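A.B. asks: sequence? don't have it. structure:
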């Protein structure tokens, strides 16, 4: 399986790294993001995945999952972009 198609496996803490070089390398890349669901808003179809004290906002519109359980670990595949306020977003 080609990792470019499937996405590079990363944890939320990796994309929230203080390293500018690390963030630039990941921006625009397809990633498989693993984190713990803190909250999900069905109205906006957004979820917050965390890893320790780091968080990442996830746009869930294309995931096709009907229910999410807070506190559970999820892995999502998507393209990493900068969101509002320079937050990382998948």
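C.D. replies: Thanks, I have the structure now. Since the model is a prediction, treat every value here as computed from it, not as a measurement.

A.B. asks: hey, what's residue 46 bridged with?
C.D. replies: Beta bridges link residue 46 to residue 41, residue 59 when assigned by DSSP bridges.

A.B. asks: sorry, that was for residue 35
C.D. replies: residue 74.

A.B. asks: what sits against it?
C.D. replies: Contact analysis of residue 35 by CB atoms under 8 Å, 6 or more residues apart in numbering lists 11-12, 49-51, 55-56, 73-74. For the C-beta atoms, the positions are set from N, CA and C on the backbone; glycine is no exception.

A.B. asks: Would you mind giving those as a markdown table with pLDDT added?
C.D. replies: Below are these laid out as a markdown table (pLDDT from 0 to 100):
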| residue | pLDDT |
| --- | --- |
| 11 | 89 |
| 12 | 88 |
| 49 | 95 |
| 50 | 95 |
| 51 | 92 |
| 55 | 91 |
| 56 | 90 |
| 73 | 96 |
| 74 | 93 |
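
A.B. asks: Tell me which of these fall in helices.
C.D. replies: Using DSSP state H, the members of those that fall in helices are residue 12.

A.B. asks: of the contacts of residue 35, buried ones?
C.D. replies: 11-12, 49-51, 55-56, 74 (16 or more other CB atoms under 10 Å).

A.B. asks: just to revisit the earlier point, as CSV, the contacts of residue 35 with distance to residue 63 would be great.
C.D. replies: Below are the contacts of residue 35 laid out as CSV (distance: CB to CB, whole Å):
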residue, distance to residue 63
11, 19
12, 17
49, 12
50, 17
51, 19
55, 18
56, 14
73, 15
74, 9
